[in-house]
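Asker: next comes the sequence, and after it the predicted model I'd like to discuss.
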Amino acid sequence: MSRSVEICMITTLDGAIDVNGRSQPLGGPADQKRLIGLRALSSVVVVGAGTMRTENYGVPSKPGLRIGVVTLSCNLDFSAPLFASGSGFIITTTDAPDVPVDSIRAGVGRIDFAEVIAQLPEGMIHVEGGPQLNAALFDADVVDAINLTWSPRLTGSRGPSLSAAPHVMQRFTLASVKTEEEFVFARYERINNA
């Protein structure tokens, strides 16, 4: 078995990924069902610390599923249910502060995501953002697929988008498109330029 890094995000018709910092208002039952389905297929979930805080991550519903929280500062509430349950672990640099939970450490000053991925369980590595984490993964050239939900909403905001990466050009091909309720679910797979 190998590893596959798959970003899962929701976006509005005008490209926003949140409303007042949260993605939940963009979704609905169909989107939630898809997210749960992708988590059920994953070997591990990876999320940025900001997204984890804003979206109030708790213990995963899938037994044994672990959630890796990406942070440089390690300034997190380790008494929160995600960490207290043993489900959460930290992904950070080798020079980051010590933490009272499991951690994967790679890189000095900047996380080496290729090395992190090599230390994660085989199977689907399900990434739930946010845009800074997505940008770092695109920059490290490790993203294999994007599972994108198009929400039938407009926000008119100029907030964050799928990736905060400047000038990263990678090609993906449309692998599948499904609709449910008013949502469009698209899966894009990486085109390997050999």
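Answerer: Perfect, I can see it now. Numbering: from 1, shown residues only.
Asker: what about the closest residue to residue 161 other than its chain neighbours, which SS state?
Answerer: Excluding its sequence neighbours, the residue lying closest to residue 161 (CB to CB, 6 or more residues apart in numbering) is residue 15, at 5.2 Å. For the C-beta atoms, the positions are set from N, CA and C on the backbone; glycine is no exception. Counting by DSSP: H, G, I helix; E, B strand; the rest coil, the backbone at residue 15 sits in coil.
Asker: tell me how many other residues crowd residue 15.
Answerer: 14 (other CB atoms under 10 Å).
Asker: and it, what's its pLDDT?
Answerer: Turning to residue 15, the model gives it a pLDDT of 84.
Asker: next, it: phi, psi?
Answerer: Torsion angles at residue 15 (phi, psi; degrees, to the nearest 10) stand at phi 90, psi 0.
Asker: what does the one 4 residues further on give?
Answerer: In this entry, residue 19 is assigned phi and psi values of phi -130, psi 120 (degrees, to the nearest 10).
Asker: ditto for the one 10 residues further on
Answerer: When quoted as degrees, to the nearest 10, the phi and psi of residue 29 stand at phi -60, psi -40.
Asker: how close does it get to residue 182?
Answerer: Note on residue 29: its distance to residue 182, by CB to CB, to the nearest Å, is 11 Å.
Asker: do residue 141 as well
Answerer: Residue 141 is 34 Å from residue 182, by CB to CB.
Asker: and if you look at residue 63?
Answerer: Counting by CB to CB, the gap from residue 63 to residue 182 is 32 Å.
Asker: same check on residue 13?
Answerer: 11 Å.
Asker: what touches both of the two?
Answerer: Counting by CB atoms under 8 Å, 6 or more residues apart in numbering, the residues touching both residue 13 and residue 182 are residue 152.
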